[in-house]
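Chemist: the sequence and its predicted three-dimensional model are supplied below.
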Amino acid sequence: NAGVTQTPKFRVLKTGQSMTLLCAQDMNHEYMYWYRQDPGMGLRLIHYSVGEGTTAKGEVPDGYNVSRLKKQNFLLGLESAAPSQTSVYFCASSPDGGWSTEAFFGQGTRLTVV
Amino acid sequence: GDSVTQMEGPVTLSEEAFLTINCTYTATGYPSLFWYVQYPGEGLQLLLKATKADDKGSNKGFEATYRKETTSFHLEKGSVQVSDSAVYFCALTPDSWGKLQFGAGTQVVVTP
């Protein structure tokens, strides 16, 4: 039972480099989310998707792009990494956007930008 | 906008002690309230939730009651174990898109 799988687990980037974080879920969930976790700030929503082919901005979208070409995958891209993007990134999925629906999280990607 | 405020940690307790983590919220609507837990090296997982005023969520010995009059959702456990050491996040859903608004998280350390 894989659930939500994030790739890679760790990454170090130089300022200005680009990379893509992959999130895959095997629960046939419609909704997927990308959050970043920073000390003292909890998790903040970057982008989300309510179904295949859709994306929308969250609270902190600047510097990131996303794509949801397949229902099971949600990609987060950094076109030109900055030290301010050093963070732990979590992907989550849920079966629907209900007010009380549980979200399922991946194990996170620790990204350091130097 | 909607927000969640949690007590700062770390909270250090001895095994079998009583745990309380305070959580208050501001919201324009009637959100659902959640507690998520993050064990070391893992992602977040749902601990409990409540969907309307006066609802009590419970799981694994933890409880929290949705208090609309005090806009609070405090987490309690009567007797903690070392395995309860984790970071606990209070959260709410600000709209119908399933997005979560999180508090800053409270680290709990339980010593034998």
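Modeler: That came through, no problem. Numbers count the residues shown, from 1 in each chain, chains lettered A, B, ... in the order given.

Chemist: pull the number of nearby residues for B:His74.
Modeler: Residues lying near B:His74 (other Cβ atoms under 10 Å in any protein chain shown) number 18. Every residue, glycine included, has its C-beta placed from N, CA and C.

Chemist: surely B:Asp54 meets B:Tyr66?
Modeler: Yes. Using Cβ atoms under 8 Å, B:Asp54 is in contact with B:Tyr66, at 6.3 Å.

Chemist: looking at these two, which one has more neighbours?
Modeler: Using other Cβ under 10 Å as the criterion, B:Asp54 and B:Tyr66 rank with B:Tyr66 on top: 21 against 10.

Chemist: surely that one touches B:Lys52?
Modeler: Yes. Assessed by Cβ under 8 Å, B:Tyr66 is found in contact with B:Lys52 at 6.5 Å.

Chemist: pLDDT score for the residue positioned nearest the centre of chain A?
Modeler: Nearest to the mean C-alpha position of chain A, by Cα atoms, centre = their mean, lies A:Trp34 at 2.8 Å. For A:Trp34, the model assigns a pLDDT of 98.

Chemist: what strands line up against the helix or strand that contains it, and which way round?
Modeler: Per DSSP states H and E, A:Trp34 falls inside strand A:31-38. Here strand A:31-38 is paired, per DSSP bridges, with strand A:42-49 (antiparallel), strand A:87-94 (antiparallel).

Chemist: any idea how far B:Asp95 is from B:Thr71?
Modeler: Distance of B:Thr71 to B:Asp95, given as Cβ to Cβ, to the nearest Å: 18 Å.

Chemist: let me redo that: A:Tyr48
Modeler: 11 Å.

Chemist: and for B:Ala27?
Modeler: Taking Cβ to Cβ, one finds B:Ala27 at 10 Å from B:Asp95.

Chemist: which residues are in contact with the strand holding A:Trp34?
Modeler: A:21, A:23, A:25, A:43-51, A:58, A:60, A:64, A:66, A:68, A:74, A:76, A:87-97, A:103, A:108, B:97-100, B:102 (Cβ atoms under 8 Å, 6 or more residues apart in numbering or on different chains).

Chemist: neighbours of residue 106, just the number please.
Modeler: You didn't say which chain, so I picked chain A. Residue crowding around A:Gly106 was assessed by other Cβ under 10 Å; the count is 26.

Chemist: you looked at the wrong chain, it should be chain B
Modeler: Counted with other Cβ under 10 Å, residues neighbouring B:Thr106 total 21.

Chemist: give me the local confidence score for the closest residue to it other than its chain neighbours.
Modeler: Computed as Cβ to Cβ, 6 or more residues apart in numbering or on different chains, the closest residue to B:Thr106 that is not its neighbour in sequence is B:Gly9, at 4.3 Å. Looking at B:Gly9, its pLDDT is 87.
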